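K.L.:
all I have is the shape, not the residue letters:
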């Protein structure tokens, strides 16, 4: 057999060393992310409160969870097709059920074992995520976004692959905070340390304040939750246009509808 020339042998050794170094770095990064996830306090969900809050994907006993399964699959396909990660969830006006959709989608994604998901309550003036889960959390999202507290002070882990960031009290100057450099840095740090496949941001209604406009540069796409017999066609059109101008519209979800297919 012909002997491999010495320069080529040396080049092959360098390539092997480079691959080994790259694999070592990747393994260390995965280990660090696993440690960060495991360090998050465990989220204890009150099943009775979750049921009253209509989080149907938690116990999955209500047939309505199928609709969220379909939404999850379509969203994942869209994200993977475009290489997106972050999703804003908003509505035209209050009482459309955007936080309900965000929570149901988060628990639905948690059933996808190869998908790490983060849900952040960024409806800073009217936080609801913790209340809807019946979870106790005394930390402030404002402190996290200002860099005054650790990630584990605000976020709790459900299972192995869902982290929920809850807010204990309203924030007065919410739009100013959401577009601040400190908030952008805090969210970049969160993404780096947790490295989630999907991030859901529960944002305020679009037409009630400017928080969504302030925050949209931080996300890849948005879902608009529309309330049946609540949202007007004019409001929905205005929100869709605004979202399309500033981000990508991943979809429109009709909520609170009393009629199923065939009616």
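P.N.:
Perfect, thanks for sending it. Model, not experiment: these values are computed from the prediction. Numbering: from 1, shown residues only.
K.L.:
point out where the stretch 101-250 of the chain drops to low pLDDT.
P.N.:
Along the stretch 101-250 of the chain, segments meeting pLDDT under 70 are nowhere present.
K.L.:
for the residue nearest the centre of the chain, which non-adjacent residue is spatially closest?
P.N.:
In the chain, the centroid-proximal residue (Cα atoms, centre = their mean) is residue 200; its distance is 1.8 Å. Residue nearest to residue 200 in three dimensions, not counting chain neighbours: residue 119, with 4.7 Å by Cβ to Cβ, 6 or more residues apart in numbering. Placement of C-beta: from N, CA and C, glycine included.
K.L.:
separation between the one you found and residue 171?
P.N.:
18 Å (Cβ to Cβ, to the nearest Å).
K.L.:
neighbour count for those two, which is higher?
P.N.:
For residue 119 versus residue 171, the count of surrounding residues by other Cβ atoms under 10 Å is larger for residue 119: 29 against 22.
K.L.:
doesn't that one lie inside a strand?
P.N.:
Yes. The assignment for residue 119 is a strand, going by DSSP: H, G, I helix; E, B strand; the rest coil.
K.L.:
and it, what does it touch?
P.N.:
102-103, 106, 129, 162-165, 199-200, 202 (Cβ atoms under 8 Å, 6 or more residues apart in numbering).
K.L.:
mind giving me the PyMOL command for buried ones among these?
P.N.:
Buried residues within these, by 16 or more other Cβ atoms under 10 Å, are selected in PyMOL with:
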select buried, resi 102+103+106+129+162+163+164+165+199+200+202
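K.L.:
what about the nearest residue to residue 249 once chain neighbours are set aside, helix or strand, and which?
P.N.:
Using Cβ to Cβ, 6+ apart and skipping residues adjacent in sequence, the residue nearest residue 249 is residue 243, 5.1 Å away. According to DSSP states H and E, residue 243 maps onto helix 233-246.
K.L.:
surely the residue nearest to the centre of the chain and residue 117 touch.
P.N.:
Yes. Using Cβ atoms under 8 Å, residue 200 is in contact with residue 117, at 7.0 Å.
K.L.:
what residues are shared contacts of those two?
P.N.:
Common contact partners of residue 200 and residue 117 (Cβ under 8 Å, 6+ apart): 106, 109.
K.L.:
can you tell me the closest non-neighbouring residue to residue 78?
P.N.:
residue 250 (5.5 Å).
K.L.:
now do residue 232
P.N.:
Spatial nearest neighbour of residue 232, chain neighbours left out: residue 92 (7.8 Å); criterion: Cβ to Cβ, 6+ apart.
K.L.:
for the helix or strand harbouring residue 213, packing partners?
P.N.:
Residue 213 belongs to helix 211-215 when assigned by DSSP H and E. On a contact count with 3 or more Cβ pairs under 8 Å, 6 or more residues apart in numbering; DSSP states H and E, helix 211-215 meets strand 86-90, helix 174-178.
K.L.:
ok, and what's touching it?
P.N.:
With contacts defined as Cβ under 8 Å, 6+ apart, helix 211-215 is touched by 88, 90, 122-125, 174-176, 178-179, 201, 203-206, 242, 246.
K.L.:
just the buried members of these?
P.N.:
For the contacts of helix 211-215, a burial check counting by 16+ other Cβ under 10 Å picks out 88, 90, 122-124, 174-175, 178-179, 201, 203-206, 242.
K.L.:
what residues are up against residue 133?
P.N.:
Counting by Cβ under 8 Å, 6+ apart, residue 133 touches 43, 45-46, 49-50, 53, 55, 103, 164, 166.
K.L.:
right, I'll call it a day here.
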